[in-house]
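A.B. asks: Just to be clear, the model below is a prediction. Sequence and coordinates:
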Amino acid sequence: MDIATPTGATEPDADLLDLARAVADESRSYLTTVTEVAAGTTPEATLPLLLLAVSDVLAVGARLGATTDVVPVLRFEPDLGPDPDVDPLRAALANVFEGIDEYAEVVDPLVTPEVETSSVSGDLVAIAGALAQGLRHYQTGAVTEALWWWQFSYLSDWGERASGVLRAIQTMLAHLRLDVADDVATEAEYDALQS
């Protein structure tokens, strides 16, 4: 990939280029997974796929958060044209999670115990939108701008949303795997005692 460097700017160092490649790869993977889940092609794998995708993007997001602030040369975001329309994705995901889309989330655990309602579909799409915006910069060769956008949006929005939705998805998966009828649990306990 050719790196577009504005006049007077310095090219990102090797560590930042590696980080940008890693975030771009995880962004593409996340967007592919979320799109496939929204399409409903493998409903039995929905939660495991999302658990992995959100975990992976949070891991690369942690690298963004741990990195010294990335500051673009230009003090404004270059115009990339209209933002992608994510409403169809949001609607499809809301359909996938119908009846279990909403979950409780602590607004700011350091400031207040206040709880608000969030949605799995809304959070997955907000993350997708932020990652896609950075990816658009990256694909034009504006690596520093892409890194700045991913880092800023991770710290200001999608990192928190990803943490919350990951917990919700993990909780759904736990309920599916661990919640059993009392008679089934009793029979399993009896069988375990008899063996």
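C.D. replies: Happy to help now that I have it.

A.B. asks: Can I take it that E114 is in a helix?
C.D. replies: No - if the criterion is DSSP: H, G, I helix; E, B strand; the rest coil, then E114 is strand and not within a helix.

A.B. asks: Within the helices and strands, which one has the nearest residue to it once chain neighbours are set aside?
C.D. replies: Of all residues not flanking E114 in the chain, V107 sits nearest, at 4.6 Å (CB to CB, 6 or more residues apart in numbering). All C-beta atoms are positioned from the backbone trio N, CA, C, and that covers glycine. Applying DSSP states H and E as the criterion places V107 in strand 102-108.

A.B. asks: Next secondary structure element downstream of the helix ranked longest in the chain?
C.D. replies: Using DSSP state H to define each element, the chain has its longest helix at helix 14-39. Going down the chain from helix 14-39, the next helix or strand is helix 46-66, by DSSP H and E.

A.B. asks: buried stuff in the helix or strand that comes right after that following helix?
C.D. replies: Next along the chain after helix 46-66, taking DSSP H and E as the criterion, comes helix 87-96. Within helix 87-96, the residues that count as buried by 16 or more other CB atoms under 10 Å are L89, R90, A92, L93, A94, V96.

A.B. asks: Same check on stretch 171-179?
C.D. replies: M172.

A.B. asks: what does stretch 19-39 give?
C.D. replies: 19-20, 23-24, 26-27, 29-31, 33-34, 37-38.

A.B. asks: which outside residues touch it?
C.D. replies: Stretch 19-39 is contacted from outside by 12, 42, 46, 49-50, 52-54, 56-57, 59-60, 63-64, 67, 89, 92-93, 96, 124-125, 127-128, 131-132, 134-135, 138, 143, 146-147, 150, using CB atoms under 8 Å, 6 or more residues apart in numbering.

A.B. asks: The strand holding V107 packs against which elements?
C.D. replies: strand 112-119, helix 159-178 (3 or more CB pairs under 8 Å, 6 or more residues apart in numbering; DSSP states H and E).

A.B. asks: Buried only: go through the contacts of stretch 19-39 for me.
C.D. replies: Using 16+ other CB under 10 Å, the buried ones in these are 12, 46, 49-50, 53-54, 57, 60, 63-64, 89, 92-93, 96, 124-125, 127-128, 131-132, 134-135, 138, 143, 146-147, 150.
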